[in-house]
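In: I'd like to go over a predicted model; first the sequence, then the structure.
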Amino acid sequence: MLLAARLLFVVLLVVSVMLTLASTSKANEFSFTTVVGIIVAAGGFGLLVLILDALTPNKRITSVAAVYFGLCLGLVAALAFGSLLDTIADSWELGNEGPGALYLGLAKVTLGLTLCYLSVSMVITTKDDFRLVIPYVEFSKQRRGEQPYLLDTSALIDGRVLDLASSRLIDAPIIVPGFVMDELQTLSDSDDRGKRSRGRRGLDTLTRLQAVPLVEVQIDGTRTQDGGGVDAALIEAAQRDGGRILTTDAGLHKVAQIRGVASINVNDLAASLRGTGSSGERLRVHLEKAGEQRQQAVGWLEDGTMIVVEDAQHLIGQDIWVAVTNTLQTAAGRLVFARHDPDPGSAQSLADAATGQERVGAESAPLREPTGPSGRNPRRGGRG
């Protein structure tokens, strides 16, 4: 769709130039080389515009609107000052002919470009504070499209949000409220070494998050009112802007759910993405064939993962419980190693536990050293 729009733009630009040349009364005065040069120049200009458009993929509507509004202000100001210069030049008879007319034209162009630049720069730097306000009327913000993610302090300190953004799982703008920034700054300036380390880690995560391509990160200037808590302010901001809270704080996650605010706990997300077969996990598996090594048996999990069970070749064809001991990621997939782990309380489990215990008998019992010179109890006196 975007490619078609770009091609249409270049075609319309070239066609418009050709029609303009054909509609002029002095079109016959242009040579063929001049016409071809003008058409090529128009096509080159169109390609330059497309290159500039491709080099700026992350466009924000607020920035585009600010540039447009600034250009409008600059052009209006340039027109007003140009009329003033024409009036001055006419009164002093400076711009009728000769070098004066050339200097007047250069002054208008220079003044117009300068005013456009200053207007665009002013609007871009003050776009967050620039408002057109109707007295006694307050408009609430209505956000359409993707719901943004609001990060809290714990999510930034945790740092895993950076991996989520890098993997492009986050497909919406990320907003960091000002009060979250204030809390991170307070932690980084703390006298406590642990708090200072967490605060600096959170600020470092935010800095690296802003450098991730194709992820829009906004720093909101909202502050807490009357010394309110950060969690309450974050929930209010999410309700007001229609955003989703991204956190690792289980308490904040629960309160947000109670208040009807969409919230995502990074810990729950990590648990749901954790693959089957973590070390120590008990699994039910059907052994189908012998393994490559001695006494090994091989089975497959429901997702197709191969599992190798040690010392279980005599159990081939049975469904048994196993405990995962190790996992290995290969180019062909994931390989799980396990050992036979019967049901707790079963006869096999009790037998394995009993036979696995170290036997202690008379031969292995430690000998008691004599407590006295003659081996008698020292509290009993010997006969003289």
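Out: Nice, thanks for sending it over.

In: by contact count, what packs against the strand or helix carrying I38?
Out: For I38, the host element (DSSP states H and E) is helix 32-55. Here helix 32-55 touches helix 2-23, going by 3 or more CB pairs under 8 Å, 6 or more residues apart in numbering; DSSP states H and E. (Glycine included, C-beta is placed from N, CA and C.)

In: may I see the buried residues of the helix it packs on?
Out: For helix 2-23, the neighbour count (16 or more other CB atoms under 10 Å) marks R6, V10, L13, V14, V17, L21 as buried.

In: from those residues, which shows the smallest pLDDT?
Out: In terms of pLDDT, L21 ranks lowest among the buried residues of helix 2-23, with 66.

In: can you give me the end-to-end span of stretch 263-278?
Out: 27 Å (CA to CA, to the nearest Å).

In: just give me how far it sits from the chain centre.
Out: The chain centroid and the centroid of stretch 263-278 are separated by 17 Å under CA atoms, centre = their mean, to the nearest Å.

In: and the contacts of it?
Out: 149, 155, 158, 160-161, 164, 238, 244-248, 250, 252-253, 256-257, 283, 301, 303, 305, 307, 324, 327, 334, 336 (CB atoms under 8 Å, 6 or more residues apart in numbering).

In: rerun at 6 Å
Out: Stretch 263-278 is touched from outside by R160, I245, L246, T248, H253, A256, V324, T327, V336, with contacts defined as CB atoms under 6 Å, 6 or more residues apart in numbering.

In: next: stretch 112-127.
Out: With CB under 6 Å, 6+ apart as the criterion, stretch 112-127 contacts T62, A66, V67, F69, G70, L71, L73, G74, A77, A78.

In: cool, stretch 165-172 as well?
Out: Residues contacting stretch 165-172 (CB under 6 Å, 6+ apart): E146, P148, Y149, L164, L209, V212, V215.

In: restricted to strands, list these.
Out: Y149 (DSSP state E).

In: counting neighbours, which of the contacts of stretch 165-172 comes out on top?
Out: Counting neighbours by other CB atoms under 10 Å, Y149 comes out on top of the contacts of stretch 165-172 with 25 neighbours.

In: which residues touch that one?
Out: Per CB under 6 Å, 6+ apart, neighbours of Y149: A172, I174, R244, L246.

In: repeat that with 7 Å
Out: I170, A172, I174, I175, G243, R244, L246 (CB atoms under 7 Å, 6 or more residues apart in numbering).

In: so for those, which is the shakiest by pLDDT?
Out: Out of the contacts of Y149, that is I170, at 83.

In: for the residue nearest the centre of the chain, give its distance to D220.
Out: Geometric centre of the chain, nearest residue: A165, 2.5 Å, by CA atoms, centre = their mean. Computed as CB to CB, to the nearest Å, the A165 to D220 distance reads 17 Å.

In: rewinding a little: and the contacts of stretch 165-172 as TSV, adding pLDDT and distance to M181?
Out: Below are the contacts of stretch 165-172 laid out as TSV (pLDDT from 0 to 100; distance: CB to CB, whole Å):
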residue	pLDDT	distance to M181
E146	72	23
P148	88	16
Y149	91	16
L164	87	20
L209	90	13
V212	88	18
V215	84	18
